[in-house]
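[1] Following is a predicted model, sequence given first.
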Amino acid sequence: MKIRKTCFQDNRNDAIELLYSCWSMERRFGVLRGGHMVKRKGVVASFAPHVGFDTSFTERTGGGKAVPIRLAVAKLLRGSAPLALVVAGGLAVFPQASHAQDECRTTDGIEFVCVDDGAAATDGQSVTGSAVTVQIHPGFEVNTLDQNAINVETSNGVAIDQSAGSSITGSDTGLSVNNRMGALNLFSMGNVTGANGSGIYAYQLGYVTSDTLTIDVSGSLVGGSYGI
């Protein structure tokens, strides 16, 4: 970016007292922290608390003598939130904010909820505990290159309820459940995919009966090797 002999009057800021001055700046890109943009006579300028590049400013007074004003400008450039700025022909470009990902979480280690936070989760989700319940809400989605999309490890019983409108996809197994004691109950009305292994893998330790192991699937179930 080149701005040559850009003259203006500005007595609003004590840190850089240019009642009438001409200045030039040569840089193409910088990282700003905080601040704001202004436009004066068709020229975009930035009054920012902090800038991430070494800027070379000169003030040209009436006598034509170039006076460095780097120190005065530095007093203005302090700040907080990072902000990328590109100025070219009056265009300011700002980065997109990242979106929160869906997540399985708990507040007590007993009741877990997998919720839609905006974007599909790209990391495998983990549920561990003694006796737990897992509610997978509509809109929740996990699509990961991790081995298991959701991995459940319990020692004294687990009940999993997957709602329609949710989606679970893992590179090997979609939903993997390992339970040692108590009952394992799984109800799935959503989509479950295990790209290279099982859609659902369920392991119940001990003597298995209809009272200790229940798997009810009414949604889509896909496995590279086995459905269940």
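    Everything's here; your move.
[2] check contacts around residue 157.
    131-132, 179, 181-184 (C-beta atoms under 8 Å, 6 or more residues apart in numbering). All C-beta atoms are positioned from the backbone trio N, CA, C, and that covers glycine.
[3] do that again at 10 Å, thanks
    For residue 157, the contact set (C-beta atoms under 10 Å, 6 or more residues apart in numbering) comprises 129-133, 179-185, 204, 212.
[4] Over to residue 206?
    Residue 206 neighbours (C-beta under 10 Å, 6+ apart): 179-182, 212-213.
[5] hmm, which of the residues you listed are the buried ones?
    179, 182, 212-213 (16 or more other C-beta atoms under 10 Å).
[6] From these, which land in strands?
    179, 182, 213 (DSSP state E).
[7] tell me the pLDDT at the residue nearest to the second one when sequence neighbours are not counted?
    With C-beta to C-beta, 6 or more residues apart in numbering as the criterion, residue 182 has its nearest non-adjacent residue at 2.6 Å, and that residue is residue 157. The score at residue 157 is 95. That number is its pLDDT.
[8] Would you quantify the distance from residue 157 to residue 101?
    29 Å (C-beta to C-beta, to the nearest Å).
[9] Which parts of the protein belong to which domain?
    2-92, 103-223 (automatic domain parsing).
[10] low-confidence ranges in this protein?
    1-99 (pLDDT under 70).
[11] Tell me where it has helices.
    Taking DSSP state H as the test, the helices found in the chain are 70-76.
[12] that older thread, and the contacts of residue 206 as a markdown table, adding distance to residue 144?
    As requested, the contacts of residue 206 are arranged in a markdown table below (distance: C-beta to C-beta, whole Å):
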| residue | distance to residue 144 |
| --- | --- |
| 179 | 22 |
| 180 | 25 |
| 181 | 29 |
| 182 | 28 |
| 212 | 30 |
| 213 | 26 |
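[13] Which of these sits closest to residue 220?
    residue 213 (21.8 Å; C-beta to C-beta).
[14] Can you name the residues that contact the nearest residue to residue 146 once chain neighbours are set aside?
    Of all residues not flanking residue 146 in the chain, residue 124 sits nearest, at 3.4 Å (C-beta to C-beta, 6+ apart). Taking C-beta under 10 Å, 6+ apart as the criterion, residue 124 is in contact with 104, 142, 144-151, 170-173, 176.
[15] Can you flag the buried ones in these?
    104, 142, 144, 146, 148-151, 170-173, 176.
[16] Please tabulate the residues you listed in a markdown table, including the columns distance to residue 192.
    Shown next, in a markdown table, are these (distance: C-beta to C-beta, whole Å):
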| residue | distance to residue 192 |
| --- | --- |
| 104 | 14 |
| 142 | 10 |
| 144 | 13 |
| 146 | 15 |
| 148 | 11 |
| 149 | 8 |
| 150 | 9 |
| 151 | 13 |
| 170 | 9 |
| 171 | 14 |
| 172 | 13 |
| 173 | 9 |
| 176 | 11 |
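[17] Strands - which of the residues you listed land there?
    104, 142, 148-151, 170, 173, 176.
[18] Tell me which two in these are the farthest apart.
    The farthest-apart pair in those, when distances are taken by C-beta to C-beta, is 104 and 173, at 15.3 Å.
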